[in-house]
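# pasted the sequence and its predicted model underneath.
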Amino acid sequence: MTDINTSKTTATTITSDKFKVACSNCNLRELCLPMGFNAEEMLRLDEIVATRKQVKQGQHLFTNGDPFTSLYAIRTGFFKTCVASEDGREQVTGFQMAGEIIGLDGIVTDHHNCDAVALEDAEVCIMPFSNVEHLSREFPVLQRHVHKIMSREIVRENGMMMMLGNMRAEERLAAFLLNLVQRLHARGFSQSELILRMTREEIGSYLGLKLETISRTFSKFSEDGIIEVKQRYVRILDADQLKQLCNLQTSI
């Protein structure tokens, strides 16, 4: 697999009715929408999604400074969020996958303060924030769900601060791999095998480690029989040892 193309190409919005998604029929609704709605209420929730957007690998869903109008529920694919330092270096701030919602960064200032880039061909459901606010007033359970999503972001950022401040390289990578495979397993994928959609350099940026350190740590884990690595394919051979390394049930 080739490296990610980071050109700022715009994504394609799908407006044809045949492509519109009904939340009530989506197999990811339990991940990105709250539970407990009856059939009639689920049909009302379909009003949240205006349309869908296809985002090719390397394209931006939104960029730093773009006006904030919508939240985006990832239907397929992987994204990274990142910011640029004053000297032009990229700092990865997160990786998002199907069933997760991105775009919350824009609520506070009405403008996005990071870039969201597709790591593979992806598709998102566009949820205009005005629709979310309107239905949240009608359905308090939806409002609580939005609050939970925001709270989860705060918890994640706190976990990242702890990791960057206190964990060694081996602990950081162990926590990252465990978190990634746990999130994928919640979506029906293997508990022990995964394909990394991000490059080693992007992982290093996210974990605050140099590319050489990430590569060396992957090799050490492989030599110690903790994981099997073939380019972007990773198989976890000893999950208990990974957990012992980071000594937590990670939520980063």
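Thanks, I have the structure now. Treat the numbers as computed from the prediction; the structure is a model and nothing was measured. Numbering: from 1, shown residues only.
# ok, which stretches of the stretch 51-200 of the chain are strands?
Per DSSP state E, counting those that start in this stretch, the stretch 51-200 of the chain has strands spanning 51-55, 60-62, 70-76, 78-84, 90-97, 101-102, 115-118, 122-128, 193-195. These are given in chain order.
# residue 208 is nearest to which of these?
Counting by C-beta to C-beta, residue 208 lies closest to strand 90-97 out of these; the figure is 9.0 Å. Where C-beta positions appear, they are placed from N, C-alpha and C, glycine not excepted.
# who does the closest one pair up with?
Strand 90-97 has these partner strands in its sheet, going by DSSP bridges: strand 78-84 (antiparallel).
# how is this structure partitioned into domains?
As recorded under automatic domain parsing, the domains making up the chain are 12-160, 167-246.
# most packed of the strands of the stretch 51-200 of the chain?
Among these, strand 115-118 has the highest mean neighbour count (mean count of other C-beta atoms under 10 Å), at a mean of 26.
# so what touches that strand?
Taking contacts as C-beta atoms under 8 Å, 6 or more residues apart in numbering, the residues outside strand 115-118 that touch it are 4, 6, 11, 55-64, 72, 77-84, 96, 102-103.
# please state the offset of it from the chain centre?
Taking the mean of its C-alpha atoms, strand 115-118 sits 10 Å from the chain's own mean (C-alpha atoms, centre = their mean, to the nearest Å).
# I'd like the average pLDDT over that strand.
Mean pLDDT, computed over strand 115-118, is 97.
# for that strand, C-alpha coordinates in CSV please.
Only the C-alpha atoms of strand 115-118 are listed here, as CSV (Å, rounded to 0.1, in the frame of the first residue of the first chain):
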residue,chain,number,x,y,z
ASP,A,115,-7.9,19.2,9.2
ALA,A,116,-9.7,15.9,8.7
VAL,A,117,-8.1,13.7,6.0
ALA,A,118,-9.3,10.4,4.7
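# sheet partners, orientation included, of it?
For strand 115-118, the paired strands and their directions (DSSP bridges) are strand 60-62 (antiparallel), strand 78-84 (antiparallel).
# mind putting those in TSV, distance to residue 109 and mean pLDDT included?
Converted to TSV, these look like this (distance: least, C-beta to C-beta, whole Å; pLDDT from 0 to 100):
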stretch	distance to residue 109	mean pLDDT
strand 60-62	13	97
strand 78-84	14	95
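# between the lengthiest helix in the chain and strand 70-76, how many degrees?
Across the chain, the helix with the greatest residue count (assigned by DSSP state H) is helix 140-166. In terms of direction (axes from the mean of the first three to the mean of the last three C-alpha atoms, to 10 degrees), helix 140-166 departs from strand 70-76 by 80 degrees.
# in helix 140-166, which residues are buried?
Neighbour counts using 16 or more other C-beta atoms under 10 Å place 142, 143, 145, 146, 159, 160, 163 of helix 140-166 among the buried residues.
# what of stretch 170-189?
Taking 16+ other C-beta under 10 Å as the basis for neighbour counts, the residues of stretch 170-189 that come out buried are 170-181, 183-184.
# closest to residue 111 out of those residues?
Distance from residue 111 was checked for each of these by C-beta to C-beta. The minimum falls on residue 183, at 28.1 Å.
# distance of the closest one from residue 194?
Spatial separation of residue 183 from residue 194 under the definition C-beta to C-beta, to the nearest Å is 10 Å.
# could you do residue 230 as well?
Counting by C-beta to C-beta, the separation of residue 230 from residue 194 is 12 Å.
# so what sits opposite the residue nearest the centre of the chain in the bridge?
Among the residues of the chain, the one closest to the centroid is residue 96, at 0.9 Å (C-alpha atoms, centre = their mean). Counting by DSSP bridges, residue 96 forms beta bridges with residue 79.
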